[in-house]
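Colleague: the following block contains a protein sequence and its predicted model.
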Amino acid sequence: MPSVPVTDSEKLVPGGLSDEALLAIGRLIRAFADLEEYLNYFIELLLEISPTDATVVLSRVAISRKLEMARMLSTKQSEEDSRVFKGIFEHDMFKEIYKCRNAVAHGTLLGLHRNGDYAFLTDRSDSQENTLLRYVYSISTESITSYATIAQQSFEKLVRANRLESWLKRYSQPTVGPHPRARQTRTPG
């Protein structure tokens, strides 16, 4: 499932995303949002702060920075926290899903590779070398679908493994509803 490198000499065919690809991208982004929410919760537990305080602290922080924070905090807390972090967020599959999500969510669609894969122009920064790299990420609809499925299953496993079903329920309740003094709808007739 890894992305296919595209050389400068290869030609891309202009084309848009199919409905199946759009659906797969939507599922991937939605599933990754759940993983990011779990990362926020993990940091909240490590810092021993309330959900409200965590929202204030983490609301505008990039996920790459959140991963650095969680890594640092987990190593300072306990062996168990460090093991949990590494098992989830430093796993090779998580890194692949993260790269794919970034490419399809933030990259520019260039067209189709000759084998039918979609090619996205995207950036990657390297803070250690202080550089910004531009590269083409090429991926098939089937791979995006697989990543979305793996991300969804990973989140469900995280919730079950850490006995967080009650935590998940607070997010499953609808937060938007009619105002108490909203105009009442009339029944016909």
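Modeller: Happy to help now that I have it. Numbers count the residues shown, from 1 in each chain.
Colleague: what helix or strand is Thr122 located in?
Modeller: Assigned by DSSP states H and E, Thr122 falls within strand 118-126.
Colleague: next SSE downstream of that strand?
Modeller: strand 131-139.
Colleague: list the residues that contact the residue positioned nearest the centre of the chain.
Modeller: Centrality entry for the chain: nearest residue to the mean C-alpha point is Phe32, 2.7 Å, by C-alpha atoms, centre = their mean. By C-beta atoms under 8 Å, 6 or more residues apart in numbering, the contact set of Phe32 is 97-98, 101, 151. Any C-beta I mention is one placed from the backbone N, CA and C, and that applies to glycine too.
Colleague: got the buried residues for whichever strand or helix holds it?
Modeller: Using DSSP H and E, Phe32 maps to helix 19-47. Going by neighbour count (16 or more other C-beta atoms under 10 Å), the buried part of helix 19-47 is 21, 24-25, 27-28, 31-32, 34-36, 38-47.
Colleague: tell me what angle the strand holding Thr122 forms with helix 19-47.
Modeller: Taking axes from the mean of the first three to the mean of the last three C-alpha atoms, to 10 degrees, one finds strand 118-126 and helix 19-47 inclined to each other by 20 degrees.
Colleague: so which other helices or strands are in contact with strand 118-126?
Modeller: On a contact count with 3 or more C-beta pairs under 8 Å, 6 or more residues apart in numbering; DSSP states H and E, strand 118-126 meets helix 92-106, strand 108-112, strand 131-139.
Colleague: what sits against Gly116?
Modeller: Per C-beta under 8 Å, 6+ apart, neighbours of Gly116: Ser140.
Colleague: low-confidence stretches in the protein?
Modeller: Counting by pLDDT under 70, the chain has low-confidence residues at 1-10, 126-128, 159-179, 183, 189.
Colleague: let's see that with 80 instead.
Modeller: Applying pLDDT under 80 to the chain flags the ranges 1-10, 77, 81, 84, 87-88, 124-131, 154-189.
Colleague: who does the strand holding Thr122 pair with, and is each partner parallel or antiparallel?
Modeller: Sheet pairing of strand 118-126 (DSSP bridges) gives strand 108-112 (antiparallel), strand 131-139 (antiparallel).
Colleague: tabulate these (TSV), appending distance to Leu12 and mean neighbour count.
Modeller: As requested, those are arranged in TSV below (distance: least, C-beta to C-beta, whole Å; neighbours: other C-beta atoms under 10 Å):
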stretch	distance to Leu12	mean neighbour count
strand 108-112	4	15
strand 131-139	8	16
